[in-house]
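S.K.: Structure for the following, please:
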Amino acid sequence: MYSFIDNNSLYTYLKLIQIKIKNGPRNYSNRPRIQINQQYRYQKNEKKSNWYRCTNRLCGTLFDPNTLKINKIQHYHPPMTQCEIDCLLHFKTVVQVIISDHDVSIADAYNNEYQKLITKYSCEELAEFWKPFSSVNSNLRYHRNKTKPINAKETKDIVINDVYSKINNEQFLQFDNNNHSNRILIFMSPIGMKILANSTRWHLDGTFKTCPTHFHQILSIHGYYQNQMFPAAYILLQNKERETYIEALTEIKLILTSNNIQIKVQELLSDFELA
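M.R.: Numbers count the residues shown, from 1 in each chain. As a prediction, this is how the structure comes out:
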């Protein structure tokens, strides 16, 4: 994690520091791991201290981001170039993207930031500071895997975090009854809601072969919209009991009405058998 400090952001930065002091003792574990100041890079001290040490192991310069002061030891080595700084900051963006948006592949996140850099620097300049994908791929996969849910051994182990409950930063997981003996999960995007809201005919279809582990079927709801049938909602069910279908469809109705959607459906077609 990097933090870039310049004079323009000094006032805001110091105000944030004052708020932290006012709210209680500093949490050193939450400090940025790296600070960049005056084209030098500093690494967080392992000790509980405000000081950051220069990343050059042979350099004894220390930096305090709270006061923007360094100790009396001067850097003996040249500062980083702007190209090197930009490479560090763009790589930070790659990490942020692969952590927060799993719809973007690791390679695409990496290439998107590289494309931005080559508009400012030559390939020769970037070759010195921008590591090839093959050398950082495993590191990037480590960051992505940290945000993935653990593989569930039982239904009670299924935990869906924010990354997997949203699509394009919009809520996709609409319902979870957290009933470990009869778990029901309903996924529906805002576009899916729009489709069902404007459909007078819904089709229900259950599939079993492609159902995730620990569930018995995926029940999908399709809406007839603009002369086409579109999938709009996906429901994971653990059985085919009558009460389970009633609970799931009741929740679909509540989801739509709670989003101020007037249900216009007149026909509901399905092809399934009760257990």
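S.K.: Can you give me the pLDDT of Gly24?
M.R.: Per-residue confidence (pLDDT) for Gly24: 42.
S.K.: Assign the nearest residue to Phe215 once chain neighbours are set aside to one of the three secondary structure states.
M.R.: Closest residue to Phe215 apart from its sequence neighbours, by CB to CB, 6 or more residues apart in numbering: Leu236 at 4.6 Å. Every residue, glycine included, has its C-beta placed from N, CA and C. For Leu236, the assignment made with DSSP: H, G, I helix; E, B strand; the rest coil gives strand.
S.K.: Count the residues that sit near Leu236.
M.R.: For Leu236, the count of nearby residues is 20 (other CB atoms under 10 Å).
S.K.: Over to the one 5 residues further on?
M.R.: Residue neighbour count, defined by other CB under 10 Å, stands at 14 for Glu241.
S.K.: how about it, phi and psi?
M.R.: Main-chain dihedrals, Glu241, degrees, to the nearest 10: phi -70, psi 150.
S.K.: which parts of the longest helix anywhere in the chain are buried?
M.R.: Counting by DSSP state H, the longest helix found in the chain is helix 82-100. Buried positions in helix 82-100, judged by neighbour count with 16 or more other CB atoms under 10 Å: 83-88, 90-92, 94-95, 97-98.
S.K.: Grab the two from these that are most spread out in space.
M.R.: With CB to CB as the measure, no two of the buried residues of helix 82-100 lie farther apart than Cys83 and Ile98, at 22.9 Å.
S.K.: re earlier: need the buried residues of helix 82-100 in a markdown table with distance to Lys156 and pLDDT, can you?
M.R.: As requested, these are exported to a markdown table (distance: CB to CB, whole Å; pLDDT from 0 to 100):
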| residue | distance to Lys156 | pLDDT |
| --- | --- | --- |
| Cys83 | 51 | 93 |
| Glu84 | 49 | 89 |
| Ile85 | 47 | 88 |
| Asp86 | 47 | 92 |
| Cys87 | 45 | 93 |
| Leu88 | 42 | 89 |
| His90 | 41 | 95 |
| Phe91 | 38 | 94 |
| Lys92 | 36 | 91 |
| Val94 | 35 | 95 |
| Val95 | 32 | 93 |
| Val97 | 32 | 93 |
| Ile98 | 29 | 92 |
